[in-house]
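Engineer: Okay, here's the prediction I keep looking at, along with the sequence it came from:
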Amino acid sequence: MRRVVCPGSFDPVTNGHLDIISRASRLYDEVVVAVLINKSKKSLFTVDERVDMIAEVTREYGNVKVDKFYGLTVDYCKQQDIPVIVRGLRAVSDYEYELQMAQMNHRIAGVETLFMATNPLYAFLSSSLMKEVVKFGGDISGLVPDSVHQRLIERLQRED
């Protein structure tokens, strides 16, 4: 069985993330979306909320599994016997950082990295940008799944 992991914070998941996940699901038998538990980062949503949101919006894909992890992605890959990481690239600036990570991951664990160019429709998206726009009342319809949009509005309105 060919397996791949799509790691990230996903705080929250965007349509850009879903584009990469759906495309990877057509190339691999199983796609594991691994949500990073980063104890040093203040997230808007808990890791369990992020796992739930991703599971909900990827339910239509029969070969996508959602999990959470703490630590290095390559350690997770070794523990789960996953030989490939898939990463979306939005711009050249992403490439430099991601290339260094890919080379380090291969060096320390033999894990390969597949880069996928982000669909131009979503190349400007980031979870941080989505939170910022919603916080100030902007409309992000079509940039995140509707259920995620609603959760963002509810969470950010409570913070005010």
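Structural biologist: All right, it came through fine.

Engineer: In the lengthiest helix in the chain, which of the residues would be classed as buried?
Structural biologist: As far as residue count goes, and with DSSP state H defining each element, the longest helix of the chain is helix 92-109. In terms of neighbour count (16 or more other Cβ atoms under 10 Å), helix 92-109 has its buried residues at 94, 98, 102, 105, 109. C-beta coordinates here come from the backbone N, C-alpha and C atoms, glycine included.

Engineer: try stretch 35-50
Structural biologist: Of all the residues in stretch 35-50, those buried under the rule 16+ other Cβ under 10 Å are 35-37, 43-45, 47, 49-50.

Engineer: Just those: which are in helices?
Structural biologist: 47, 49-50.

Engineer: what ranges do the helices span in this structure?
Structural biologist: For the chain, the helices identified by DSSP H occupy 15-27, 47-57, 73-80, 92-109, 127-135, 146-159, in order along the chain.

Engineer: Quick one, which of those gets closest to Thr118.
Structural biologist: Across those, the minimum distance to Thr118, taken as Cβ to Cβ, is reached by helix 15-27, at 5.7 Å.

Engineer: Poorly predicted segments of this structure, please.
Structural biologist: Filtered on pLDDT under 70, the chain yields the residue ranges 158-160.

Engineer: 80 instead, please
Structural biologist: For the chain, applying pLDDT under 80 flags the ranges 39-40, 157-160.

Engineer: before we move on, back to that, can I get the longest helix of the chain as PDB, trimmed to CA atoms?
Structural biologist: Written as PDB, here are the backbone C-alpha positions of helix 92-109 (Å, rounded to 0.1, in the frame of the first residue of the first chain):
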ATOM      1  CA  VAL A  92       9.400  30.500  -4.500                       C
ATOM      2  CA  SER A  93       9.900  31.600  -0.900                       C
ATOM      3  CA  ASP A  94       8.200  28.400   0.300                       C
ATOM      4  CA  TYR A  95      10.600  26.300  -1.900                       C
ATOM      5  CA  GLU A  96      13.800  27.400  -0.100                       C
ATOM      6  CA  TYR A  97      12.500  26.500   3.300                       C
ATOM      7  CA  GLU A  98      10.800  23.300   2.200                       C
ATOM      8  CA  LEU A  99      13.900  22.200   0.300                       C
ATOM      9  CA  GLN A 100      16.000  22.500   3.400                       C
ATOM     10  CA  MET A 101      13.500  20.500   5.400                       C
ATOM     11  CA  ALA A 102      13.200  17.800   2.700                       C
ATOM     12  CA  GLN A 103      16.900  17.400   2.500                       C
ATOM     13  CA  MET A 104      17.200  17.100   6.300                       C
ATOM     14  CA  ASN A 105      14.300  14.700   6.500                       C
ATOM     15  CA  HIS A 106      16.000  12.500   3.900                       C
ATOM     16  CA  ARG A 107      19.300  12.700   5.600                       C
ATOM     17  CA  ILE A 108      18.100  11.700   9.100                       C
ATOM     18  CA  ALA A 109      15.300   9.300   8.200                       C
END
